[in-house]
Structures are given as C-alpha cells and as structure tokens.
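Chemist: I'll drop the sequence and a predicted model, then ask my questions.
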Amino acid sequence: MTDQKVIKDVAIIGAGPVGLFTIFECGMLGFDAHVIDALPEIGGQCTALYPEKPIYDIPGFPSVQAEDLIHNLERQAAPFAPEYHLGQQVMNITRGDDVFHIETSKSAALYARTVIIAAGAGAFGPNRPPLNGIEDYEEHSVFYAVRNKDRFRDARIVIGGGGDSAIDWTLSLADVAAHITLVHRRDKFRAAPEMVAKVKALADAGKIDLATPYQLKGLEGEGGKLNGVIIADMDGHEKTVAADYLLPFYGLATDLSIVAKWGITVEHHHIAVDPRSCATNIDGIYAVGDVVTYPDKLKLILTGFAEAAQAAHAVYKKLKPDTPLHFEYSTTKGVP
C-alpha cells in the first residue's frame, strides 16, 4: 500500500554540486524530489573539503569559490522546494508497485518513483585517521575541512596528508597560522608539482615543518582541546608535535559495496551507466557525477551538470512516456 505515503517523483542521493543541479533540472520538467546526503550540510566535497578554494572551470565564472557555487546552486534549486534529508546515509533501496522504498540510517522511510544517484566521489563522510579518541576532538580541535581560515589564526596546526587538499591548505594557512607541521608517510606528495615546490620552499625558509616519512599516531589533550599530536616514523620512533588543531586531509570515503547490494552494477569502484541516459542496470535508477563510469568519462563538475540534464530527461521519458516533451530554452520558458 502506498496511497497513504508521500511519493516524490525523484529521490536524489547526494547534495553536492551535481546533486543540487539535478534538483533544478528535474524541477524544470515538473518533478519534485527527496534529496538525501550523508553529510550534515549540502555541498559535498565543495563544502566538506574546500569551501574557500576557487574553482576555475565553471562556465561563465573565471573564478568562483566553492562555497559561493554551492550557495548559488541552492538558490537555483529553491523554487522547486526540494525536501532535504541530511546527515543520513541511504542503507537500502527496494522496489514495489513501481515505487522505490528508500531506507536511511536515521530510520527514515522515503518513497519515490525514480532514483538518481549523485553521490560524487565521497558521499560517505571523511576518511578518519585511526587515532584513539579522535571523536572527542572532532569539531573542537580536529577538523576535516576549513570553513573559516580565521579560526586558525596564530594557532599551531598539524596537517595530515599528501594530496592536493593537504598541500593547498598548508599554503593557504601558512600566512595566518603561528606554525604548521605537514605530516605525510612518504617523501613524495600526490599533488601538483608546482604546489609541492611552494610547500618545500616554505619549509626551506623555516616557515613550516615537513615531517616525512611520518604518520599520525595519537592525540594529547583533554575535554576536546588538543595540545599535541603524536607522530611516528616508519621505524616506530615517536615524537610529539605541539598543536592546537589537527587537520587530517585523507579524502572522503568511497565505499560502494552498499550500492552493489542494491543490485546496481559497480565497475572499478564506480557505478556503470549508459552515457546516453545515465541509466544504471536497474530500471528507474540513474546515476550522475563523479560516482559514475562509462568510456571516456571526464571527472568534471561541468560533465556532471550535463549528466544531470540527461538523467532528468530520461526520468521524464520514464514517468511520462505518453506525454511529448515540448522542449524550450530557459530563456523562453523561465522557471516554473
């Protein structure tokens, strides 16, 4: 029985930039939507990892900060009144009577006629370093994203990681922090060579410390207030670095095993789709953005936006097979 349940046209899993634009594209075709995301706020990686970083490859914007892009996408989606369900992960999807039943980690039961997965590369939260008691320090002294640089002014910071986020935030915070120690388990970094060169120049000038090859070992402090980070070299020799904050930048968890349990085909840790419609192997379930794979797929926000439009139009054909779509440009049609 579904007659007493609120059934939306679409359930969008993921509230990153591509998920937000999917709301707009579906709304322009007259569809309402549930929007579910494991993170406590919209924006995906743009919010969780680099809200203050500029993005250079959005058409019409020579440069736009990630948080501003998310704010504008939220405004663009707002006229269609999406129903957000944040801070909860989709645990199971089942189908009956042409309606998908979606169960979340907060025991919510949602219903939709179609599903679009826009989970991005990390819809399952940050990769936490395995440090005892780290949860006690999170959102006090341990942060997985920098949302306000001024918080770290004149502070002693330990940054963990060897990728773009670790390198970029080391450079960005070097001007505001009292001291930065960058900890990485290898001597080589997985970031743009020119950025790595800038970090090494700061280290050579004595403005930051590089701790390589070292890894995070433990935390010192109490009541959520950090005063030191224990690091260890590859031989197990430990030392404590005085610190007010720890910023572990180890990416976002991308475990699609739960998606595979729903019966969706997963290839090389990505969801396989037909690039013409972004349809998965399950009728009525589509996927867009960085989470998908197909021949010559480009991992760009721009590509995800185009996929959102393709999926929305595929949903139209699915839900309204007997109603021709008289396509009009938004300049003519406006926003419904």
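Modeler: Structure's in. What do you need?
Chemist: and the longest helix along the chain, what's buried?
Modeler: Looking across the chain with DSSP state H, the single longest helix is helix 301-319. Buried residues in helix 301-319, counted by 16 or more other C-beta atoms under 10 Å: 301, 303-316, 318-319. In short, each C-beta sits where N, CA and C put it, glycine included.
Chemist: send me it as PDB with only the CA atoms.
Modeler: Coordinates of each C-alpha in helix 301-319 appear next as PDB, following Å, rounded to 0.1, in the frame of the first residue of the first chain:
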ATOM      1  CA  ILE A 301      31.700  19.400 -12.300                       C
ATOM      2  CA  LEU A 302      30.700  20.600 -15.800                       C
ATOM      3  CA  THR A 303      30.300  17.000 -17.000                       C
ATOM      4  CA  GLY A 304      28.200  16.200 -14.000                       C
ATOM      5  CA  PHE A 305      25.900  19.100 -14.800                       C
ATOM      6  CA  ALA A 306      25.300  17.800 -18.300                       C
ATOM      7  CA  GLU A 307      24.700  14.300 -16.900                       C
ATOM      8  CA  ALA A 308      22.100  15.800 -14.600                       C
ATOM      9  CA  ALA A 309      20.200  17.100 -17.500                       C
ATOM     10  CA  GLN A 310      20.400  13.800 -19.400                       C
ATOM     11  CA  ALA A 311      19.200  11.900 -16.400                       C
ATOM     12  CA  ALA A 312      16.300  14.300 -15.800                       C
ATOM     13  CA  HIS A 313      15.100  13.900 -19.400                       C
ATOM     14  CA  ALA A 314      15.400  10.100 -19.100                       C
ATOM     15  CA  VAL A 315      13.200  10.300 -16.000                       C
ATOM     16  CA  TYR A 316      10.700  12.300 -18.000                       C
ATOM     17  CA  LYS A 317      10.500   9.600 -20.600                       C
ATOM     18  CA  LYS A 318      10.200   7.000 -17.900                       C
ATOM     19  CA  LEU A 319       7.400   8.700 -15.900                       C
END
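Chemist: can you give me the helices in the stretch 101-250 of the chain?
Modeler: Shown for the stretch 101-250 of the chain, the helices assigned by DSSP state H, counting those that start in this stretch span residues 134-137, 164-173, 193-204.
Chemist: and Ala15, which of those helices is closest to it?
Modeler: Comparing the helices of the stretch 101-250 of the chain by their distance to Ala15 (C-beta to C-beta), the top pick is helix 164-173, with 20.0 Å.
Chemist: which strands or helices does that closest one pack on?
Modeler: strand 156-160, strand 179-183, helix 193-204 (3 or more C-beta pairs under 8 Å, 6 or more residues apart in numbering; DSSP states H and E).
Chemist: centre of the chain to the second one, how far?
Modeler: Here the centre of mass of C-alpha atoms in strand 179-183, compared against the chain's by C-alpha atoms, centre = their mean, to the nearest Å, lies 25 Å away.
Chemist: and for that strand, what's in contact with it?
Modeler: When contacts are defined by C-beta atoms under 8 Å, 6 or more residues apart in numbering, strand 179-183 is touched by residues 156-161, 166-167, 170, 173-174, 199, 203, 208-212, 214-216, 229, 231, 241, 243.
Chemist: select only the buried ones of the residues you listed in ChimeraX?
Modeler: The buried residues among the contacts of strand 179-183 can be selected in ChimeraX (16+ other C-beta under 10 Å) with this line:
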select :156,157,158,159,160,161,166,167,170,173,174,199,203,208,210,211,212,214,215,216,229,231,241,243
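Chemist: returning to what we had before: quick check: which of the helices of the stretch 101-250 of the chain is buried the most?
Modeler: Comparing the helices of the stretch 101-250 of the chain by mean neighbour count (mean count of other C-beta atoms under 10 Å), helix 164-173 ranks first with a mean of 21.
Chemist: that one: how far from the chain's middle?
Modeler: The chain centre lies 18 Å from the centre of helix 164-173; the measure is C-alpha atoms, centre = their mean.
Chemist: list of residues touching it?
Modeler: For helix 164-173, using C-beta under 8 Å, 6+ apart, the contacting residues are 49-50, 52-53, 146, 149, 152, 157, 159-160, 180, 182, 184, 189-192, 195-196, 198-199, 202, 208, 247, 249, 251.
Chemist: got the angle for that helix vs strand 156-160?
Modeler: Helix 164-173 and strand 156-160 are oriented at 160 degrees to each other (axes from the mean of the first three to the mean of the last three C-alpha atoms, to 10 degrees).
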